[in-house]
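**Q** predicted model follows, preceded by the sequence.
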Amino acid sequence: MSIYHLKYMIEKGENKVSIVCIGDSITFGFRVRKTESWVSVLSEKIKENIINKGIPGNTTAEMKERFEKDVVEFKPSKVLIMGGTNDVFLKISINDILKNIDMMVQMCEKNKFVPIVLTPLPVKDDIVEKTWFKDRDYREVNNYLGKFRELLVEYGKKKNIGVIDIGTILAASGKMKEYFLDDGIHVSKEIHNEIAQIIVNSNIVQYN
């Protein structure tokens, strides 16, 4: 089914999108099969109609700019927001990244969608040969991503919204290093499955 056909069915009241996931290449499922992305796996696990609106390379500012078209028009009950990695690589301040996340959360609240924020994954900081962002120190990037995850968790507490700290959970599990793809940023189907399971285990998506 095409996106345009789905929008038509929603307008006619013939279909209902439960969740829209907006993000970057991790949400998109870069270099894994469509059925192996965490969005597809989550949809299968919780038996809900989920739309994947991840675009590789997107910053949170770009996600914010397309939010109306890619999220609001589908009228979902919940929205999963995951981004920030590209921003950090591009040296955008974590406060500016948080402002973009907050604006998307506000758009959710305005439209009576439940916002759920997912923290970004770490990157492989000891990668030998870089494919992307060759001029960046990946250890420094990981440091900023860690600070941003902490900021998102505190933000969630202040706003009283769901924040699932996927990045910290996976980093602590030790599984990330084994399942990074060769570029040190994107991850294998095993990690996509782990992301989906962490979301399920949080119970936020099912019961919020």
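**A** On my side now, so go ahead.

**Q** OK, contacts around the spatially most central residue of the chain?
**A** For the chain, the residue nearest the mean C-alpha position is residue 82 (2.3 Å; CA atoms, centre = their mean). Shown in contact with residue 82 (CB atoms under 8 Å, 6 or more residues apart in numbering): 21-24, 26-27, 54, 117-120, 166. C-beta here means a position set from N, CA and C on the backbone, and glycine is covered the same way.

**Q** ok, residue 132 next?
**A** Per CB under 8 Å, 6+ apart, neighbours of residue 132: 89, 183, 185.

**Q** show me which helix runs longest in the chain.
**A** helix 138-159 (DSSP state H).

**Q** out of the contacts of residue 82, the closest to residue 111 would be?
**A** Among the contacts of residue 82, residue 22 lies closest to residue 111 (CB to CB), at 13.4 Å.

**Q** just checking, that closest one is part of a strand?
**A** Yes - under DSSP: H, G, I helix; E, B strand; the rest coil, residue 22 sits within a strand.

**Q** burial measure for it, as a count.
**A** 24 (other CB atoms under 10 Å).

**Q** with adjacent residues omitted, what lies nearest to it?
**A** For residue 22, ignoring the flanking residues on the chain, the nearest one in space by CB to CB, 6 or more residues apart in numbering is residue 53 at 4.5 Å.

**Q** so the one you found sits right up against residue 29, yeah?
**A** No - taking CB atoms under 8 Å as the definition, residue 53 is not a contact partner of residue 29, at 11.8 Å.

**Q** confidence-wise, which of the contacts of residue 132 comes last?
**A** Among the contacts of residue 132, residue 183 carries the lowest pLDDT, at 88.
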